[in-house]
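In: with the input below, show me the fold.
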Amino acid sequence: MDRIPSKQNAIVADSNGQLMLVNDLPLPEMEPDMVVVKNHVVGLNPADYKMTGRKAHAGAVAGHDFAGTVVAIGPNVRTIAPLTNGDRVLGAVPGVHSLTPRAGAFAQYTCAPDYVLLKIPSFISFEEAVTFGASIGTVGMALFRSLQVPGYPMEPASRPGQTVLVYGGSTATGTLALQILKLSGLKPIATASPKNFDLVKSYGAEAVFDYHAQDFVAQIKTYTKSSLKYIIDCVSTAETMELCYSLLGRTGGKLTTLEAPPSYIHTRPGNRVSLDWVVGPSIHGRALGWPPPMAREPDMELEEFSIKWFTTAQRLLDDGKLRAHPVKSIEGLEGVLKGLDSLRKGEISGHKLVCRIQKEDL
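Out: Below is the predicted model:
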């Protein structure tokens, strides 16, 4: 096992909340219920560039998704699968985070809570594994804690056929949601650009709709007979959230987003529509020190939910029931900054950008 260095290369937020590469950052301190991971591949998400400026904690390491090998294990860990040094794992941590400033993913090493780490099966590469990072927790919370869809991968819906719309079906979160919904005995449909229709269908969508089409709303309402009750918005701009809200059936339903929805879209009276949003890293059940509205207090119920959900996710991975999102690879931590710029410009579609950062793995 390699000796763990005292300093590392990492991408951190400067005093203005902008990201920069440094080469002498102290490694994160391992708490008793944490695992130190030598990162081999990290994944890029839109949240990584959205969490800059005033949202970023100065000096904190950026990045959420990582996949690598275990190099140290705290004495009080409660991992879903038993771990030893050298095991391959995937996970996600809060980036540019004030409460754990050294534990972001865009670094050579990170420190992660125990029970949200997943062991990577031998038939899944690091590049494939990192596509599951933040998406695993986000999808689990959105579908089974927020939307409370009628089904679960280990207990499929007793009355199959309930339709669930995945807005943004070609995103990494979208393709995972489609697979989980299918395994839960539900009927997933999705939105995408026409160039990604075949991709989205290959992950389980029974119908795909072009969100650019002029009659897009009418198409979905006709397909669902105006009875759509469940939507997860994996894009979550103000425009898409308002659009998704309008797609819910006449009798109401549930919409879960991945960003805080503006209050003006919640227009139906009474309790006919449940509008909720999830913060992926809150799956840990620990406090989140990001600025409002993303800040969270510790949540023991969410911790219990996450243990059950990650146990399920580990089984699905081990059984080969989850397929990774397509990837585009870049090299070196310096490539992360260019990759985030590409994400910001909307240049990436149907793929997840991943970055290999350990030279010995080239």
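
In: what segments of the stretch 151-300 of the chain are strands?
Out: For the stretch 151-300 of the chain, the strands defined by DSSP state E, counting those that start in this stretch occupy 163-167, 187-192, 208-210, 230-233, 253-257, 273-277.

In: outside of the helix or strand that the last one is followed by, which residues touch it?
Out: Just to be clear, that refers to strand 273-277. Going down the chain from strand 273-277, the next helix or strand is helix 300-318, by DSSP states H and E. Helix 300-318 is touched from outside by 78, 80-81, 115-116, 118-121, 124, 132, 136-137, 140-141, 144-145, 152-154, 183, 282-286, 322, with contacts defined as CB atoms under 8 Å, 6 or more residues apart in numbering. Glycine gets a C-beta too; all of them are placed from N, C-alpha and C.

In: redo that, cut-off 6 Å
Out: 80-81, 115-116, 118, 121, 136, 140, 145, 153, 283, 285, 322 (CB atoms under 6 Å, 6 or more residues apart in numbering).

In: buried sites along that helix?
Out: Using 16 or more other CB atoms under 10 Å as the burial criterion, the residues of helix 300-318 that qualify are 302-303, 305-307, 309-310, 312-314, 316-318.

In: export that helix to CSV, keeping only CA atoms.
Out: Listed next in CSV are the C-alpha coordinates belonging to helix 300-318 (Å, rounded to 0.1, in the frame of the first residue of the first chain):
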residue,chain,number,x,y,z
MET,A,300,-31.3,10.9,11.7
GLU,A,301,-34.3,9.7,9.8
LEU,A,302,-32.5,10.5,6.5
GLU,A,303,-29.4,8.6,7.8
GLU,A,304,-31.6,5.6,8.4
PHE,A,305,-33.1,5.9,4.9
SER,A,306,-29.7,6.2,3.3
ILE,A,307,-28.4,3.0,5.0
LYS,A,308,-31.4,1.1,3.5
TRP,A,309,-31.0,2.7,0.1
PHE,A,310,-27.3,2.2,-0.2
THR,A,311,-27.7,-1.4,0.8
THR,A,312,-30.1,-1.7,-2.1
ALA,A,313,-27.8,0.1,-4.4
GLN,A,314,-24.9,-2.1,-3.5
ARG,A,315,-27.0,-5.2,-4.3
LEU,A,316,-28.1,-3.8,-7.6
LEU,A,317,-24.5,-3.0,-8.6
ASP,A,318,-23.3,-6.4,-7.5
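
In: hang on, residue 38 packs against residue 72?
Out: No: the criterion here is CB atoms under 6 Å, and residue 38 misses it with residue 72 at 9.4 Å.

In: out of these two, which sits in the busier spot?
Out: residue 38 (21 against 16; other CB atoms under 10 Å).

In: against residue 15, how distant is residue 233?
Out: Going from residue 233 to residue 15 by CB to CB, to the nearest Å gives 34 Å.

In: higher neighbour count, the two?
Out: Set residue 233 next to residue 15 and count neighbours by other CB under 10 Å: residue 233 wins out with 28 against 8.

In: which ones are touching that one?
Out: Neighbouring residues of residue 233 by CB under 6 Å, 6+ apart: 167, 240-241, 244, 257.

In: relative to residue 64, which of the residues you listed is nearest.
Out: residue 257 (17.8 Å; CB to CB).

In: I'd say the closest one and residue 276 touch.
Out: No: counting by CB under 6 Å, residue 276 is not a contact partner of residue 257; they are 7.6 Å apart.

In: the two: which is more packed in?
Out: A side-by-side neighbour count of residue 257 and residue 276, using other CB under 10 Å, places residue 257 first with 26 against 15.

In: per-residue confidence at the more buried one?
Out: Reading off the confidence values, residue 257 has pLDDT 98.

In: cool, residue 359 as well?
Out: So, for residue 359, pLDDT stands at 60.

In: and stretch 197-208, what's its mean pLDDT?
Out: For stretch 197-208, mean pLDDT is 98.

In: what's the span of that stretch, first residue to last?
Out: End-to-end distance for stretch 197-208: 6 Å, by CA to CA, to the nearest Å.

In: tally of neighbours for residue 279?
Out: With neighbours defined by other CB under 10 Å, the count for residue 279 comes to 20.

In: ugh, wrong one, residue 288
Out: Other residues lying near residue 288 total 20 when counted by other CB under 10 Å.

In: save the contacts of helix 300-318 as a markdown table, and put in secondary structure, distance to residue 61 and neighbour count too.
Out: Below are the contacts of helix 300-318 laid out as a markdown table (DSSP: H, G, I helix; E, B strand; the rest coil; distance: CB to CB, whole Å; neighbours: other CB atoms under 10 Å):
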| residue | secondary structure | distance to residue 61 | neighbour count |
| --- | --- | --- | --- |
| 80 | coil | 24 | 21 |
| 81 | coil | 26 | 16 |
| 115 | coil | 22 | 20 |
| 116 | coil | 17 | 26 |
| 118 | strand | 21 | 26 |
| 121 | coil | 28 | 15 |
| 136 | helix | 21 | 30 |
| 140 | helix | 25 | 25 |
| 145 | helix | 28 | 17 |
| 153 | coil | 33 | 23 |
| 283 | helix | 19 | 26 |
| 285 | coil | 21 | 19 |
| 322 | coil | 28 | 22 |
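
In: from the residues you listed, pick the one nearest residue 194.
Out: Ranked by distance to residue 194 (CB to CB), these are led by residue 322 at 25.7 Å.

In: OK, contacts around the closest one?
Out: 179, 316.

In: pretty sure residue 35 sits against residue 75.
Out: No: using CB under 6 Å, residue 35 makes no contact with residue 75, being 11.3 Å away.
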